[in-house]
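Undergrad: just to be clear, the model below is a prediction. Sequence and coordinates:
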Amino acid sequence: MLTDAEKTSNRESRSRSRECETRRRILVAAARAFAQYGQAKTTMEDIAETAQVARATVYKHFRTKEEVFRAVVHCELADIVEASREAAAQVVGTRAKLRAAILTQLRGVRGKVNFYRFTVKSLSDILPVEEEERELLTREALRMVKEILTAGIKAGEIAVRDLDLAAQAVVMAYHGLVLRTVLSATDNENEQLVDTLLAMLFEGMVSRKETG
């Protein structure tokens, strides 16, 4: 027979599970609403109606529409990073893996921009402004790049003095391409930009004089 403490713990666990499920349901519904109406025109009422919950339930989990929007996008970004990792696993070589991962991420973000009808303004609204939030969003990307670089080091393809700094440099470099590429560049331009970035990373820009 369960003790009172165990019964309380079980009730609390079930309650947390229900809350998590409700939050997930709201985010799934919000993604559909944003895709249908666009971020600017979607209301909390639209989200509640699509999720088939009371508006008060939505407000219990999220204070504003912008907070819902940000949560949806952050979930989408996590999926894109995972897709990038899978793309990297399909090719051989450090450079090829980085190329596949970066292009997959750029294409994924660009696809979401079109799907949710983002504008420069709406993108700026969801960009992380706090250092802690930026670190949270880039953590998985950093881990993926570190995995690729580590495999390259073990294979003798590359030599890196500081793995953490190298991974940060790569992630910062290609994240710097995101706003331009997702809003205006074509796929061909994206590939050219990524290939140029990788050429600079792997070959450098220092002139090499021919030796006799």
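TA: Good, I have the coordinates. Numbers count the residues shown, from 1 in each chain.

Undergrad: residues contacting Asp195?
TA: Arg99 (CB atoms under 8 Å, 6 or more residues apart in numbering). Using the backbone N, CA and C atoms, a C-beta is placed for each residue, glycine as well.

Undergrad: please identify the helix or strand for it.
TA: Here Asp195, judged by DSSP states H and E, is contained in helix 187-203.

Undergrad: tell me which residues of that helix are tucked away?
TA: By neighbour count on 16 or more other CB atoms under 10 Å, the buried set for helix 187-203 is Asn190, Leu193, Val194, Leu197, Leu198, Leu201.

Undergrad: can you check stretch 162-176 too?
TA: Per 16+ other CB under 10 Å, stretch 162-176 contains these buried residues: Ala166, Ala167, Gln168, Val170, Val171, Tyr174, His175.

Undergrad: show me the contact partners of that stretch.
TA: 98, 102, 105-106, 138, 141-142, 145-146, 149-150, 153, 160, 194, 197, 201.

Undergrad: let me see the domain layout of this structure.
TA: 1-63, 65-212 (automatic domain parsing).

Undergrad: okay, the ones you listed in JSON lines with mean pLDDT next?
TA: Shown next, in JSON lines, are these (pLDDT from 0 to 100):
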{"stretch": "domain 1-63", "mean pLDDT": "78"}
{"stretch": "domain 65-212", "mean pLDDT": "80"}
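
Undergrad: look up how far Ala155 lies from Thr57.
TA: Per CB to CB, to the nearest Å, Thr57 is found 52 Å from Ala155.

Undergrad: so the two - more neighbours on which side?
TA: Between Thr57 and Ala155, counted using other CB atoms under 10 Å, the more crowded position is Thr57 (16 against 11).

Undergrad: which parts of the helix or strand hosting the more buried one are buried?
TA: For Thr57, the host element (DSSP H and E) is helix 55-61. Residues Thr57, Val58, His61 are the ones in helix 55-61 that count as buried (16+ other CB under 10 Å).

Undergrad: pretty sure the last one contacts Ile26?
TA: The one in question is His61. Yes - using CB atoms under 8 Å, His61 makes contact with Ile26 at a distance of 5.9 Å.

Undergrad: how near is Glu189 to Asp195?
TA: Distance from Glu189 to Asp195, by CB to CB: 11 Å.

Undergrad: at the geometric centre of this structure, which residue sits there?
TA: Using CA atoms, centre = their mean, the residue of the chain that lies closest to the mean C-alpha position is Leu77, 2.4 Å off.

Undergrad: name the element it belongs to?
TA: Using DSSP H and E, Leu77 falls in helix 65-89.

Undergrad: how far off centre is whichever helix or strand comes after that helix?
TA: Following helix 65-89 in sequence order, the next helix or strand is helix 94-115 (DSSP H and E). Computed by CA atoms, centre = their mean, to the nearest Å, the separation of helix 94-115 from the middle of its chain amounts to 10 Å.
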